[in-house]
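Asker: need the 3D shape of this:
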Amino acid sequence: MIVNEIARFLANDSSRLVVFIRHGEKDLLAGGPALITQQAKIASEQLGLSLRKFKLPIKIYSSPELRCVQTAEILNFKISEGCESDITITSFLGQPGVQVRNNKRYLEIFNEHGARAMYTQWKNGKNYDALRTTDELCIELSKFLEKTTMESKISLFVSQSGTIAALGYALGLRNYDPGNNDWVPFLDGFVLVCK
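Answerer: You can find the predicted model right below:
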């Protein structure tokens, strides 16, 4: 669980942390924009309360995707004890996300194969016309973190699964295998130490 990973890093280091998590569970039965389920709202509240216990400044960033924004707002409300706080919305985390080089081509592949199949193909060196290479992702992430991680002890980035999977793989932290039902869990991801 991501909270345990954060606690482990905080116990061993006084540097700033960067936390990437996937949004709460998407409500597939709801019509219209993808909202999160009631269970996801409860799980997001619990995660926010767990993060509050660290008693550290946490700056939240979110993809513009509605399910990410909903998750970020719930986390923010619980972390800040009901006080208003800014959530920064950024397309780096989604719509289209840093991993996307060419959105038109990305959407063509996505609509034909889906995100998980596209990710598997990308790991095998395909779709570089639509998606950035691992080296490019690391460069883009480094530039992004230089701009975003100076404000708080913890920077929390709420994104969608494709971005989390691609960044985790590019950094050598995660290697999801969708063919074996291994994919980014809701409200989970990875933690980086920022010096």
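Asker: give the bridge partners for the residue sitting nearest the centre point of the chain, please.
Answerer: Centre of the chain computed as the mean C-alpha position; nearest residue by CA atoms, centre = their mean is Ser159, 3.2 Å away. The residues listed as beta-bridge partners of Ser159 by DSSP bridges are Arg22.
Asker: what sits against Glu45?
Answerer: Glu45 makes contact with 74, 78 under the criterion CB atoms under 8 Å, 6 or more residues apart in numbering. Bear in mind the C-beta positions are built from the backbone N, C-alpha and C, glycine included.
Asker: can you tell me how far it is from Asp86?
Answerer: The span separating Glu45 from Asp86 equals 20 Å under the rule CB to CB, to the nearest Å.
Asker: Gln160 now?
Answerer: Summarising the geometry, the distance separating Gln160 from Asp86, computed by CB to CB, is 21 Å.
Asker: which one's more surrounded, these two?
Answerer: The residue with more neighbours, out of Gln160 and Asp86 and counting by other CB atoms under 10 Å, is Gln160; that gives 22 against 10.
Asker: what sits closest to the more buried one if chain neighbours are left out?
Answerer: With CB to CB, 6 or more residues apart in numbering as the measure, Gly94 is the residue that lies nearest to Gln160, at 4.7 Å, once sequence neighbours are left out.
Asker: which stretches in the chain count as helices?
Answerer: 2-12, 38-52, 66-79, 103-113, 115-123, 134-148, 161-170 (DSSP state H).
Asker: which one of those lies nearest to Val184?
Answerer: Comparing the helices of the chain against Val184 with CB to CB, the closest turns out to be helix 161-170 (4.2 Å).
Asker: and the closest one, what does it pack onto?
Answerer: strand 16-22, helix 115-123, helix 134-148, strand 189-194 (3 or more CB pairs under 8 Å, 6 or more residues apart in numbering; DSSP states H and E).
Asker: in a markdown table: these, plus distance to Asn181, mean neighbour count and mean pLDDT.
Answerer: Conversion of these to a markdown table gives the following (distance: least, CB to CB, whole Å; neighbours: other CB atoms under 10 Å; pLDDT from 0 to 100):
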| stretch | distance to Asn181 | mean neighbour count | mean pLDDT |
| --- | --- | --- | --- |
| strand 16-22 | 15 | 23 | 95 |
| helix 115-123 | 10 | 19 | 93 |
| helix 134-148 | 23 | 14 | 95 |
| strand 189-194 | 18 | 18 | 92 |
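Asker: quick one: which of these is nearest Asn180?
Answerer: Judged by CB to CB, the one of the helices and strands packed on helix 161-170 that comes nearest to Asn180 is helix 115-123, at 10.5 Å.
Asker: counting contacts, what elements does that closest one pack onto?
Answerer: Applying 3+ CB pairs under 8 Å, 6+ apart, one finds that helix 115-123 makes contact with helix 103-113, helix 161-170.
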